[in-house]
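Novice: Below is the structure, and that's it, no one-letter string:
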């Protein structure tokens, strides 16, 4: 894992850090998307029980919009619902989604879930290592 | 095999054992592979600690499969043997301490469900053209999660896909219609005067020619 990848992931799970724009520019949109997607699904697995209902997921999305009102314009509720349900096992919901649909969620859902989790440094390192492994699986 | 090589191989082997301990679900294949390497590394070693480590390891494989306790016992014996070969190389530091059961649970790998989801998104990454360095979509989201993001300078995407500052032409003065009208009047006057003068000159030349 290089320093840009680590900085990107730390900034994505930690409130009050510098926005990782330079890192994204150097890593490229493709690598950034892969890392953030891995982080998002790892965060979903840690945050939602497998038996979470669609209603509970919609409740979470409302909380997300309350925390980040501007997210309503960038993040479609139905896309976030499909991603979370897909991450919990309904994989067929993920197939129709495009890169453009999901980029905002990869940033913001990860940021929201992981900053709520308020991990200590060791847990962050553990999470980052897990994300890196997921992103590099064949 | 040279002593240094043996030490290096055993240090690597211990790393493999500890990986196996961390990933207990997959420990069988990991530990069997590491055991094969250890058999090679310790070929001909007559020391009792080496024999003990290998013996514990083999027993782990044959008697009911590997468990954390069996792997830890084998690892301890090999660490002691490394200390004999090269003091300091077999240290049982906290950095390589055996994980507790709770730590092992924490270290569990993501579920196959999560791995499949990530894989499907990695396929979507093929839709991304990295030749175009456009990070504007990410920036818009980061403005939400990182509100102290500074306002960017204006940028344009060039044909080669690199970013460059916007080049603006110097400000051009606004049209002054009054001045324009005056210019038209002056030019018209000059044209009329010139035309009259030209006609006058032509008449005088013509008269002079007729009088000759």
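Specialist: Looks like it came in fine. Bear in mind that the values here come from a model prediction, so they are computed numbers and not experimental data. Residues are numbered from 1 along each chain as shown, chains lettered A, B, ... in the order given.
Novice: Okay, the nearest residue to residue A:72 once chain neighbours are set aside and residue A:59: tell me how far apart.
Specialist: Among residues not flanking residue A:72 along the chain, residue A:65 sits closest, at 5.4 Å (C-beta to C-beta, 6 or more residues apart in numbering or on different chains). Backbone N, C-alpha and C define where each C-beta goes, glycine included. Distance of residue A:65 to residue A:59, given as C-beta to C-beta, to the nearest Å: 11 Å.
Novice: which ones are touching residue A:115?
Specialist: A:13-15 (C-beta atoms under 8 Å, 6 or more residues apart in numbering or on different chains).
Novice: Residue A:10 against residue A:121, yeah?
Specialist: No: in this structure residue A:10 lies outside contact range of residue A:121 using C-beta atoms under 8 Å: 9.8 Å.
Novice: neighbour count winner among residue A:65 and residue A:59?
Specialist: Taking other C-beta atoms under 10 Å in any protein chain shown, residue A:65 and residue A:59 do not tie; residue A:65 has more neighbours (15 against 12).
Novice: Check which helix or strand that one maps to.
Specialist: Here residue A:65 sits within helix A:54-67, counting by DSSP states H and E.
Novice: Moving C-terminal from that helix, which element do we reach first?
Specialist: helix A:71-74.
Novice: which parts of that next one are buried?
Specialist: Residues of helix A:71-74 classed as buried: A:71, A:74 (neighbour count, 16 or more other C-beta atoms under 10 Å in any protein chain shown).
Novice: cool, and stretch B:46-63?
Specialist: B:49-50, B:52-54, B:56-57, B:60.
Novice: now, which of the residues you listed lie within helices?
Specialist: B:49-50, B:52-54, B:56-57, B:60 (DSSP state H).
Novice: Mind putting those into a markdown table with distance to residue B:122 and pLDDT?
Specialist: Output for those, formatted as a markdown table (distance: C-beta to C-beta, whole Å; pLDDT from 0 to 100):
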| residue | distance to residue B:122 | pLDDT |
| --- | --- | --- |
| B:49 | 46 | 76 |
| B:50 | 44 | 78 |
| B:52 | 46 | 78 |
| B:53 | 41 | 78 |
| B:54 | 41 | 79 |
| B:56 | 41 | 77 |
| B:57 | 37 | 75 |
| B:60 | 37 | 73 |
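Novice: which parts of chain B sit against chain A?
Specialist: Taking C-beta under 8 Å from any C-beta of the partner chain as the contact definition, chain B meets chain A at B:106-107, B:109-111, B:113-122, B:124-125, B:127-128, B:130, B:133-135, B:137-146, B:148-149.
Novice: Next up, the contacts around residue 42.
Specialist: Went with chain A since none was named. Contact partners of residue A:42, counting by C-beta under 8 Å, 6+ apart, are A:127, A:130-131, A:134, B:110, B:114.
Novice: Hmm, no, I was thinking of chain B.
Specialist: B:6, B:10, B:50, B:53-54.
Novice: Same check on residue B:121?
Specialist: Applying C-beta under 8 Å, 6+ apart to residue B:121 gives the contacts A:33-34, A:37-38, A:41, A:94, A:102, A:106.
Novice: which one of those has the most neighbours?
Specialist: In terms of neighbour count, residue A:41 stands highest of the contacts of residue B:121 at 32 neighbours, by other C-beta under 10 Å.
Novice: so it makes contact with residue B:119?
Specialist: No: if you go by C-beta under 8 Å, residue A:41 and residue B:119 don't touch, sitting 9.7 Å apart.
Novice: Could you check how far residue A:126 is from residue A:5?
Specialist: Remark: distance between residue A:126 and residue A:5 (C-beta to C-beta) = 16 Å.
Novice: okay, the two: which has more neighbours?
Specialist: Under the criterion of other C-beta under 10 Å, the comparison of residue A:126 against residue A:5 puts residue A:5 first, with 20 against 15.
Novice: Leaving out chain neighbours, which residue sits closest to residue A:48?
Specialist: Ranked by C-beta to C-beta, 6+ apart and with sequence neighbours excluded, the top spatial neighbour of residue A:48 is residue A:88, at 6.0 Å.
Novice: Who are the contact partners of that neighbour?
Specialist: By C-beta under 8 Å, 6+ apart, the contact set of residue A:88 is A:44, A:48, A:50, A:52, B:113.
Novice: Going by distance to residue B:80, which of the ones in helices among the buried residues of stretch B:46-63 wins?
Specialist: For these, the minimum distance to residue B:80 (C-beta to C-beta) is 4.9 Å, reached by residue B:49.
Novice: what separates the nearest residue to that closest one once chain neighbours are set aside from chain A, distance-wise?
Specialist: Residue nearest to residue B:49 in three dimensions, not counting chain neighbours: residue B:81, with 3.8 Å by C-beta to C-beta, 6+ apart. Noted for residue B:81: a distance of 30 Å to chain A, by C-beta to the nearest C-beta, to the nearest Å.
Novice: State the helix or strand in which residue B:81 lies.
Specialist: Going by DSSP H and E, residue B:81 is in helix B:68-85.
Novice: Which positions within that helix qualify as buried?
Specialist: Within helix B:68-85, the residues that count as buried by 16+ other C-beta under 10 Å are B:68, B:70-82, B:85.
Novice: Let me see the mean pLDDT of that helix.
Specialist: If you average the pLDDT over helix B:68-85, you get 76.
Novice: and it, what does it pack onto?
Specialist: Counting contacts by 3 or more C-beta pairs under 8 Å, 6 or more residues apart in numbering or on different chains; DSSP states H and E, helix B:68-85 packs against helix B:3-22, helix B:27-41, helix B:48-62.
Novice: Many thanks, I have nothing further to ask.
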